[in-house]
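A.B. asks: Could you look at this predicted model? Sequence included:
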Amino acid sequence: MEVQIDSGRCQGHGRCYDIAPAVFGEDAEGYGNVPGDGTVPQGNERAARRAVASCPERAITVMEGA
């Protein structure tokens, strides 16, 4: 499973990195980002899906089987 954040849609609410800090990070301005190549670490899939569902801008995309 991999995730991506559309930086053009992200408004910096921070829900993604609050819910799934092992998956998402924040940049210097408080916008969400995905460190590394976007691969969700084993055991963090559920938290990643919760973060995706909590994004008010729907700025996060999940790619299954990646």
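C.D. replies: Done, it's in.

A.B. asks: Contacts only, for residue 3.
C.D. replies: Shown in contact with residue 3 (C-beta atoms under 8 Å, 6 or more residues apart in numbering): 23-24, 34, 38, 40, 48, 52, 60-63. Heads up, the C-betas are built off the backbone N, CA and C, glycines and all.

A.B. asks: Contact partners for the residue nearest to residue 65 when sequence neighbours are not counted?
C.D. replies: Distances taken as C-beta to C-beta, 6 or more residues apart in numbering place residue 1 nearest to residue 65, at 7.5 Å, with adjacent residues excluded. The neighbours of residue 1, taking C-beta under 8 Å, 6+ apart as the test, are 39-40, 45, 48, 62-66.

A.B. asks: try residue 13
C.D. replies: For residue 13, the contacting residues are 55-57, by C-beta under 8 Å, 6+ apart.

A.B. asks: So residue 47 is in contact with residue 17, correct?
C.D. replies: No: counting by C-beta atoms under 8 Å, residue 47 stays clear of residue 17, with 10.7 Å between them.

A.B. asks: what does stretch 44-55 rub up against?
C.D. replies: 1, 3, 13, 15-17, 19-20, 22-24, 40, 60, 62.

A.B. asks: swap the cut-off to 10 Å and go again
C.D. replies: Residues outside stretch 44-55 that contact it (C-beta atoms under 10 Å, 6 or more residues apart in numbering) are 1-3, 5-6, 9-11, 13, 15-24, 32, 34, 40-41, 58-62, 64.

A.B. asks: Having no further points to raise, I will conclude here.
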